[in-house]
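> got a structure for you, letters missing:
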């Protein structure tokens, strides 16, 4: 494993021949299964834990039944109950899509013309070992979380800001928001990005949620604020040293994707092996951060230990 002190800067990373995206396939070795989660070293996690002050815990995952209806052609799961005797119950779920709610996109989620992260070219159903989410579950995604409240900054600058419209946020927006909050990124951080998308979703009534889901059957069939899909954004995230990026919108990146700019999914997952998550719920956390005048916390998430899985529910909590 390469020590974080000698991780190469983004501009020195080679490019994949198939699409020209810069890649980190050799930084931790071609057999690596966790990508940028390697940055969650023991000292980094210990330092994050030492920053807990009040012990207040705030869940940042939606209930597994939301969004409802589900997006992108996924189906709603069915929850069943079964009596085990006069004073005991059991239950089970059918049709459970692991990425149906607040979620982690694993390293099997998106590939490139040259293969998945590290060059793997298998099929998930035939080869359960490489890049499965179970590798992330072994140690969890635990470290110093930093909330960057883009929604608050955008709303202050423009009272008409709407996270359901196409608003690309660039590295400069992240830097400005962090500076305004008095926060800075460190190696091994988990960057939590609030665009306000999930907050708005939670205000919708049932009819509006059905209408919205109708436009979210295709990955490009809707509009949403999000991170720019540019090489500059990939450079910012890599060089800042973050271990993971968790956003509150459906795709992390702005939608629709501009083909001239490129896909952040392809740059981060397939190229850099970066852990990303979507549809987190940061409204309550943002309020607590404002109240406490600090935007850092211990971030704890443990993906489901499903061998070979492509993704997982977020299972995440912030500890202030």
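Received the coordinates, thanks. Predicted model only: the values in this text are computed from it and were never measured.
> burial of residue 49, as a residue count?
Residue 49 has 14 neighbouring residues, counting by other CB atoms under 10 Å. C-beta: built from backbone N, CA, C; applies to glycine.
> Tell me which residues touch it, please.
By CB atoms under 8 Å, 6 or more residues apart in numbering, the contact list for residue 49 reads residue 298.
> So it, which state does it fall into?
On the three-state scheme (DSSP: H, G, I helix; E, B strand; the rest coil), residue 49 is labelled helix.
> gap between it and residue 182?
21 Å (CB to CB, to the nearest Å).
> Which secondary structure element is home to residue 192?
Residue 192 belongs to strand 190-194 when assigned by DSSP states H and E.
> which helices and strands does that strand pack with?
Packing contacts for strand 190-194, counted by 3 or more CB pairs under 8 Å, 6 or more residues apart in numbering; DSSP states H and E, involve strand 141-149, helix 150-157, strand 244-247, helix 283-292.
> immediately after the second one, which helix or strand?
The one in question is helix 150-157. strand 168-169.
> before we move on, what about the shortest one?
Using DSSP H and E, the helix or strand that follows strand 244-247 towards the C-terminus is helix 264-265.
> which helices and strands sit right next to that next one?
Partner elements for helix 264-265 (3+ CB pairs under 8 Å, 6+ apart): none found.
> For the next helix or strand after it, which strands pair with it and how are they oriented?
Where DSSP H and E defines the elements, the next helix or strand beyond helix 264-265 is strand 275-278. When pairing is defined by DSSP bridges, strand 275-278 lines up against strand 103-105 (antiparallel), strand 244-247 (parallel).
> middle-most residue in this structure, spatially?
Nearest residue to the geometric centre of the chain (CA atoms, centre = their mean): residue 277, 1.6 Å.
> In contact with the nearest residue to it once chain neighbours are set aside, which residues are there?
With sequence-adjacent residues excluded and distances taken as CB to CB, 6 or more residues apart in numbering, residue 277 is closest to residue 246, at 4.0 Å. Residues in contact with residue 246, defined by CB under 8 Å, 6+ apart, are 60, 190-193, 276-278, 280, 299, 301, 314, 316.
> let's go with 7 Å and repeat that
By CB atoms under 7 Å, 6 or more residues apart in numbering, the residues touching residue 246 are 190, 192, 277, 280.
> Between the residues you listed, which sits nearest residue 43?
Distance to residue 43, by CB to CB, is smallest for residue 190 among the contacts of residue 246, at 15.6 Å.
> Would you enumerate the residues in contact with the closest one?
141, 143-145, 242-244, 246, 299.
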